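In: got a predicted structure here, sequence first:
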Amino acid sequence: MTFIRTIPPAEAEGKVKELYDLDVRDLGYVSNGTQAMSLRPDAFMAWEALRKTVRSKMRLRRYELVTLASASALHCTY
Amino acid sequence: MLRKNGFEPEQLEAVINDYHNAGLTPQEVAVMEFAQKITLHAHTIRLEDVQRLREVGLSDEEILDVALAAAMRNFFSKITDALGVEPDTGYLELEPNLRKAMQKGRPFAESEICPHCYGTHIIKKIRTEDGREEYFCPHCNMGGLVKPKNRYSEAQKLQVLEHYERYNPEGIQKAFGVSPATLARWEKAKRKRKKAGKQGRREGGDQSPS
């Protein structure tokens, strides 16, 4: 569930469909986080590009520990 | 994600609960401390904090990477929280204790989770007597109503309990609609409180010589 309207995977077209397909390829499902930003696919793509760039320079283990420390401090379950 | 990258559930749980005592290297702990500080109060970060990262072997490029990754997580978390995005059901595949440790903020899709042990395989059925929904968790053998109908105030509880000694539980159920099991639970809680209260007074009396 999300507080704003999102595009259900079955109705996705164009850029949104591309993003959803990437999720399915990587995760096996469309993540709620991706769906939440489905009304602004360009912003989401830019975000993904940034994330990929930063992650590519780091060892995955360190990247995930940093993510965990931050998410934990934010009381974020996601 | 870490779960898939060489962390056992026990260690991951330990990292979430207290990363200082989870068998991480000093460098990993320092990196997590820095990320936590960025998240909680970035404005208090001083040169010494960055110096600490250099001491444990990070290059300036790596320090920048840590700051970027931590800030990115903040960016993402603020969006998901602002929009009420629930964690993906993929998290439900995780071990119950691990999920419990992770569940710090917004709950996972609540209806599917046992509130006692956070197990995911609860069984739900409609009770035939009154059509209300019950659940049972085979993992911890606990169960109850999915949505309790009534929430009684403390005053209401006391009022009903006054009748406890004089009438049988079935009579009370007829009069107030409180089930005998609920009544027994209240009575038990009341006795416990009384006991704790008495003990507290006794201890208090010992301290003040009269």
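Out: It's in. Numbering: from 1, shown residues only, chains lettered A, B, ... in the order given.
In: list the buried ones in the host helix or strand of A:S72?
Out: For A:S72, the element it lies in under DSSP states H and E is helix A:60-73. For helix A:60-73, a neighbour-count test (16 or more other Cβ atoms under 10 Å in any protein chain shown) marks A:R62, A:Y63, A:E64, A:L65, A:V66, A:T67, A:L68, A:A69, A:S70, A:A71, A:S72, A:A73 as buried. C-beta here means a position set from N, CA and C on the backbone, and glycine is covered the same way.
In: what of stretch B:12-25?
Out: Buried, per 16+ other Cβ under 10 Å, within stretch B:12-25: B:L12, B:E13, B:A14, B:V15, B:I16, B:Y19, B:A22, B:L24.
In: name the element the fifth one belongs to?
Out: What it means is B:I16. With DSSP H and E as the test, B:I16 turns up in helix B:9-17.
In: circling back to that earlier point, among the buried residues of stretch B:12-25, which two are most distant?
Out: Within the buried residues of stretch B:12-25, B:E13 and B:L24 form the most distant pair, 13.2 Å apart (Cβ to Cβ).
In: mind listing the shared neighbours of those two?
Out: Counting by Cβ atoms under 8 Å, 6 or more residues apart in numbering or on different chains, no residue touches both B:E13 and B:L24.
In: CA atoms of stretch B:7-25 as PDB?
Out: Taking Å, rounded to 0.1, in the frame of the first residue of the first chain, the C-alpha atoms of stretch B:7-25 are listed here in PDB:
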ATOM      1  CA  PHE B   7      25.900 -13.100   6.300                       C
ATOM      2  CA  GLU B   8      24.300 -15.700   8.400                       C
ATOM      3  CA  PRO B   9      20.900 -14.700   9.900                       C
ATOM      4  CA  GLU B  10      22.400 -14.800  13.400                       C
ATOM      5  CA  GLN B  11      25.200 -12.400  12.500                       C
ATOM      6  CA  LEU B  12      22.900 -10.100  10.600                       C
ATOM      7  CA  GLU B  13      20.600 -10.000  13.500                       C
ATOM      8  CA  ALA B  14      23.600  -9.200  15.800                       C
ATOM      9  CA  VAL B  15      24.600  -6.400  13.400                       C
ATOM     10  CA  ILE B  16      21.200  -4.900  13.500                       C
ATOM     11  CA  ASN B  17      20.800  -5.100  17.200                       C
ATOM     12  CA  ASP B  18      24.300  -3.900  18.100                       C
ATOM     13  CA  TYR B  19      26.900  -3.600  15.400                       C
ATOM     14  CA  HIS B  20      29.600  -2.900  17.900                       C
ATOM     15  CA  ASN B  21      29.400  -6.500  19.200                       C
ATOM     16  CA  ALA B  22      28.700  -8.400  16.000                       C
ATOM     17  CA  GLY B  23      32.100  -9.600  15.000                       C
ATOM     18  CA  LEU B  24      32.700  -6.900  12.500                       C
ATOM     19  CA  THR B  25      36.200  -5.500  11.800                       C
END
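In: so where do the helices sit in the chain?
Out: In the absence of a named chain, chain A is used. Using DSSP state H, the helices of chain A run over A:14-27, A:32-36, A:41-56, A:60-73.
In: I was after chain B.
Out: For chain B, applying DSSP H gives helices covering B:9-17, B:26-41, B:47-55, B:60-82, B:96-102, B:154-161, B:169-176, B:180-207.
In: which positions in chain A make contact with chain B?
Out: Neighbours of chain B within chain A, by Cβ under 8 Å from any Cβ of the partner chain: A:1-4, A:27, A:29, A:31-33, A:35-37, A:47, A:50-51, A:54-55, A:57-58, A:60-78.
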